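[1] structure, please.
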Amino acid sequence: MRAANVRLAQAIEAEHGYGPQVTKAIDETHEVMGDLQKETLQHLFAMRGVLSPDQAEMFDKSVVKALTADAQ
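    Numbers count the residues shown, from 1 in each chain. Okay, the predicted model is just below:
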């Protein structure tokens, strides 16, 4: 993420507007964020896999609550 943010900053500095370099850097930043989210969820599901059924139920509720907290 840091490297992608640096490239975005460089693009903004070079173009001083919403040009093709900025657009490309934004797309790259979104791709990096998406990859990070996928890796995070893979880790979450791996952790869930070692829980008992009762623990998994509590875990699921906690994850749903965390993901929907701002939506309420």
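[2] any buried residues in the longest helix seen in the chain, and which?
    The longest helix of the chain (DSSP state H) is helix 20-48. Neighbour-count burial for helix 20-48, with 16 or more other C-beta atoms under 10 Å as criterion, is recorded at 21-22, 25-26, 28-29, 32. Bear in mind the C-beta positions are built from the backbone N, C-alpha and C, glycine included.
[3] from residue 67, how far out is the residue nearest to residue 63 when sequence neighbours are not counted?
    Leaving aside its sequence neighbours, residue 63 sits nearest to residue 44 (C-beta to C-beta, 6 or more residues apart in numbering; 6.7 Å). Distance of residue 44 to residue 67, computed by C-beta to C-beta, to the nearest Å: 11 Å.
[4] and if you look at residue 34?
    16 Å.
[5] mind giving me the packing neighbours of the helix or strand containing residue 54?
    Remark: residue 54 resides in helix 53-68, with elements defined by DSSP states H and E. The contact analysis (3 or more C-beta pairs under 8 Å, 6 or more residues apart in numbering; DSSP states H and E) places helix 53-68 against helix 20-48.
[6] what angle separates the helix it packs on from helix 53-68?
    The directions of helix 20-48 and helix 53-68 differ by 160 degrees, with axes from the mean of the first three to the mean of the last three C-alpha atoms, to 10 degrees as the criterion.
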